[in-house]
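In: fold the following, please.
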Amino acid sequence: MNENLKIHFIVDMDEQSSNFAPHLGVGYLSAFLKQKIPGIKISLSLMSDDLLKDINTINPDIVGFSCTSRYFLQFSSLAQEISAQFSIPIIWGGVHISIAPHELPVAASIGVLGEGELTVFELLENFNGSGFENIHSIQGIVFRNVGKLIVNEKRPYIENLDHVPKPDLDLLRVAWNRRNRAVMTTSRGCPYKCRVCASSTFWDRTRLFSAEYVVSEMRSLVEKYDVREILLFDDFFAINKQRVAKIIELKRTVPNLAKIRFECLSRVDSFSEEMAQLLKELGVYRISFGIESGCQKTLDYLKNKKVKLSQVVDAVSLAKRYGFQCVGSFVIGSPYETEVDIRETFDFINRLKLTSAQITIATPFPGTEMWEDGKKIGKVRDNQWSDEYYVLFGFDADLNFRELLKGKSLLTQIEPEIFLSLLEEAKNILLKVNISYKQKLRKIVRNLIINTGMGFVLSSKKHST
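Out: Okay, the predicted model is just below:
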């Protein structure tokens, strides 16, 4: 193997999104390859960069793409352009190709399916300078042979995740500091199979980094970036009580972690008094729940009858009692959801009194049960991804839904004009919920200033300039 190999990654993020939630998958892969191949040179372009200029300047031996469904077609066109202009072998990875290997772009030499560290390393071991050898025996890839698509045997997952080094954050160009938060993951996979999510399909099963690994990474983030907050960006951080307790125990031995606060994701049906106590002790201040719907019929559909609305109410009430900020995410526009069902969700959001809420429009992704439902009702055609399916937008105050949804194929069977009016209602509800929290926060700060005498200090500083 050429130890001076140069590989250039292109990921579907811009500067802002990369800083908010960087592509940790490529970060782990880069760290793993650098550990295994001393001297390898790894670079990265964000989609907001001048991609062709970067490739021309770096002149890599291999280009690696990683993207989700949202940018799959856009990146496929870009790969075609890169292949024609530079004649560089292209490796394609990410969630979309792993779940839909039959869509391997023509410009891609090979697609990496699932977890990438061991597979990419083996590919590089078999790289001859212009192409890849012995590919028929490499697990976890898809490729073309004389025009025919070949999907090799699935590669087993890495059993001990602690063997994977911490992600290469320098490559990802994060700009974290004490004024914003760092992001990390402590596991791979989710044991639940929600209808709208492909995580369980991609990862197959859940594996955890050890408590020792997790606390070591927390310490590294604080020491390197001086952050005061860390987002634990797992599908389900609180999946194992014993591990959370061990993380707390080890965290106490690291003085500079004492005042770090955390945000995590959790499930309402697994959120108990014991877990609330543990998360509070860890330093969690904010919990995001994937509530999905305030209508039991729709909730049964989205969560496969695993969650009851009473569990949502109990979990949010318990979280509030422990002083957690509560974020709830919801989905509207599922195939069998009616106008009445959606209004039930709106009423439920208003009653929950969340710290903040998020509402998204149902989007069918390959590998999900919702994708299959879309095929059944004729909204997903030919089992091929199309940009017309992507409607997973945030609800900004100035959003024009009529313009945004032009050319889109929605799963909802509600009349278009009625659904547009429901989207406007959803936007107003979100503005109300999220503005209400900001007003409460301003009141708390104002009272703090008055009660502690900070007002005098602030006004004195103002007049002294």
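
In: quick one: the helices in the stretch 1-150 of the chain?
Out: Taking DSSP state H, counting those that start in this stretch as the test, the helices found in the stretch 1-150 of the chain are 15-20, 24-36, 51-58, 72-86, 95-99, 117-125.

In: of those, which stretch is the most buried?
Out: helix 95-99 (a mean of 24; mean count of other CB atoms under 10 Å). Glycine gets a C-beta too; all of them are placed from N, C-alpha and C.

In: if we can go back for a sec, figure out which of the helices of the stretch 1-150 of the chain is closest to residue 226.
Out: Closest of the helices of the stretch 1-150 of the chain to residue 226 is helix 15-20, at 15.2 Å (criterion: CB to CB).

In: which residues touch the closest one?
Out: Residues outside helix 15-20 that contact it (CB atoms under 8 Å, 6 or more residues apart in numbering): 11, 46, 48, 172, 173, 174, 175, 176, 180, 183.

In: of the helices of the stretch 1-150 of the chain, give the one that comes closest to residue 370.
Out: helix 95-99 (12.8 Å).

In: low pLDDT regions in the stretch 251-400 of the chain?
Out: 394 (pLDDT under 70).

In: tell me where it has helices.
Out: Under DSSP H, counting those that start in this stretch, the stretch 251-400 of the chain gives helices at 273-282, 296-303, 309-321, 339-352, 369-376.

In: and of the ones you listed, who's closest to residue 108?
Out: helix 369-376 (21.9 Å).

In: just put the helices of the stretch 251-400 of the chain in JSON lines and tack on distance to residue 132 and mean neighbour count.
Out: Shown next, in JSON lines, are these (distance: least, CB to CB, whole Å; neighbours: other CB atoms under 10 Å):
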{"stretch": "helix 273-282", "distance to residue 132": "45", "mean neighbour count": "16"}
{"stretch": "helix 296-303", "distance to residue 132": "41", "mean neighbour count": "20"}
{"stretch": "helix 309-321", "distance to residue 132": "49", "mean neighbour count": "17"}
{"stretch": "helix 339-352", "distance to residue 132": "49", "mean neighbour count": "18"}
{"stretch": "helix 369-376", "distance to residue 132": "31", "mean neighbour count": "18"}
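
In: can you redo these as JSON lines with distance to residue 65?
Out: Converted to JSON lines, those look like this (distance: least, CB to CB, whole Å):
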{"stretch": "helix 273-282", "distance to residue 65": "37"}
{"stretch": "helix 296-303", "distance to residue 65": "31"}
{"stretch": "helix 309-321", "distance to residue 65": "39"}
{"stretch": "helix 339-352", "distance to residue 65": "37"}
{"stretch": "helix 369-376", "distance to residue 65": "22"}
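
In: for residue 312, which of the helices of the stretch 1-150 of the chain is the nearest?
Out: The nearest among the helices of the stretch 1-150 of the chain, by CB to CB, is helix 15-20 at 26.6 Å.

In: export the closest one as PDB, just CAs?
Out: Extracted C-alpha coordinates of helix 15-20, given in PDB (Å, rounded to 0.1, in the frame of the first residue of the first chain):
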ATOM      1  CA  GLU A  15     -20.000  25.600   7.200                       C
ATOM      2  CA  GLN A  16     -23.000  26.300   9.400                       C
ATOM      3  CA  SER A  17     -24.500  22.800   9.500                       C
ATOM      4  CA  SER A  18     -21.000  21.300  10.000                       C
ATOM      5  CA  ASN A  19     -20.400  23.400  13.100                       C
ATOM      6  CA  PHE A  20     -23.800  22.600  14.500                       C
END
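
In: follow-up on the earlier one: worst average pLDDT in the helices of the stretch 1-150 of the chain?
Out: Mean pLDDT per stretch puts helix 15-20 lowest among those, at a mean of 86.

In: if we can go back for a sec, from the contacts of helix 15-20, which two are the most distant?
Out: So, these by CB to CB: farthest apart are 11 and 180, at 19.9 Å.

In: so which of those two has more stuff around it?
Out: Ranked by neighbour count (other CB atoms under 10 Å), residue 11 and residue 180 place residue 11 first, with 26 against 15.

In: which residues does that one bridge with?
Out: Applying DSSP bridges to residue 11 yields these beta-bridge partners: residue 46, residue 66.

In: which strand or helix spans residue 433?
Out: Using DSSP states H and E, residue 433 sits in helix 416-452.

In: filter the contacts of helix 15-20 to the buried ones?
Out: Buried subset of these (neighbour count, 16 or more other CB atoms under 10 Å): 11, 46, 172, 174, 176, 183.

In: return the distance of the second one relative to residue 312.
Out: When you say that, I think you mean residue 46. 37 Å (CB to CB, to the nearest Å).

In: now the first one
Out: With distances defined as CB to CB, the gap from residue 11 to residue 312 amounts to 35 Å.

In: domain-wise, how is the protein divided?
Out: 6-151, 166-432 (automatic domain parsing).

In: the first one: end-to-end distance?
Out: Here the two ends of domain 6-151 are set 26 Å apart, with distance taken as CA to CA, to the nearest Å.

In: how far is that domain from where the chain is centred?
Out: On the basis of CA atoms, centre = their mean, to the nearest Å, domain 6-151 sits 19 Å off its chain's mean C-alpha point.

In: and for stretch 357-374?
Out: That offset, for stretch 357-374, works out to 15 Å (CA atoms, centre = their mean).

In: now the helices of the stretch 1-150 of the chain in CSV, with distance to residue 387?
Out: Converted to CSV, those look like this (distance: least, CB to CB, whole Å):
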stretch, distance to residue 387
helix 15-20, 18
helix 24-36, 23
helix 51-58, 19
helix 72-86, 6
helix 95-99, 12
helix 117-125, 28
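
In: nearest to residue 329, out of the ones you listed?
Out: helix 15-20 (15.9 Å).

In: measure the residue nearest to residue 431 when sequence neighbours are not counted to residue 430 for me?
Out: Leaving out its chain neighbours, the residue that sits closest to residue 431 by CB to CB, 6 or more residues apart in numbering is residue 397, at 6.1 Å. To residue 430, residue 397 is 9 Å away according to CB to CB.

In: check residue 241 too.
Out: Using CB to CB, residue 241 is found at 33 Å from residue 430.

In: more neighbours: which of the two?
Out: The neighbour comparison of residue 241 against residue 430 (other CB under 10 Å) goes to residue 430, with 20 against 13.

In: list the contacts for the more buried one?
Out: Counted by CB under 8 Å, 6+ apart, residue 430 has contacts 357, 358, 359, 395.

In: between those, which is nearest residue 263?
Out: Out of these, the member with the shortest distance to residue 263 (by CB to CB) is residue 358, at 13.7 Å.

In: ok, and the closest non-adjacent residue to residue 122?
Out: That would be residue 138: by CB to CB, 6+ apart, it lies 5.3 Å from residue 122.

In: contacts only, for that neighbour.
Out: Counted by CB under 8 Å, 6+ apart, residue 138 has contacts 119, 122, 123, 126, 132, 152.

In: need those in JSON lines (columns: distance to residue 73).
Out: Below are the contacts of residue 138 laid out as JSON lines (distance: CB to CB, whole Å):
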{"residue": "119", "distance to residue 73": "24"}
{"residue": "122", "distance to residue 73": "29"}
{"residue": "123", "distance to residue 73": "24"}
{"residue": "126", "distance to residue 73": "29"}
{"residue": "132", "distance to residue 73": "25"}
{"residue": "152", "distance to residue 73": "25"}
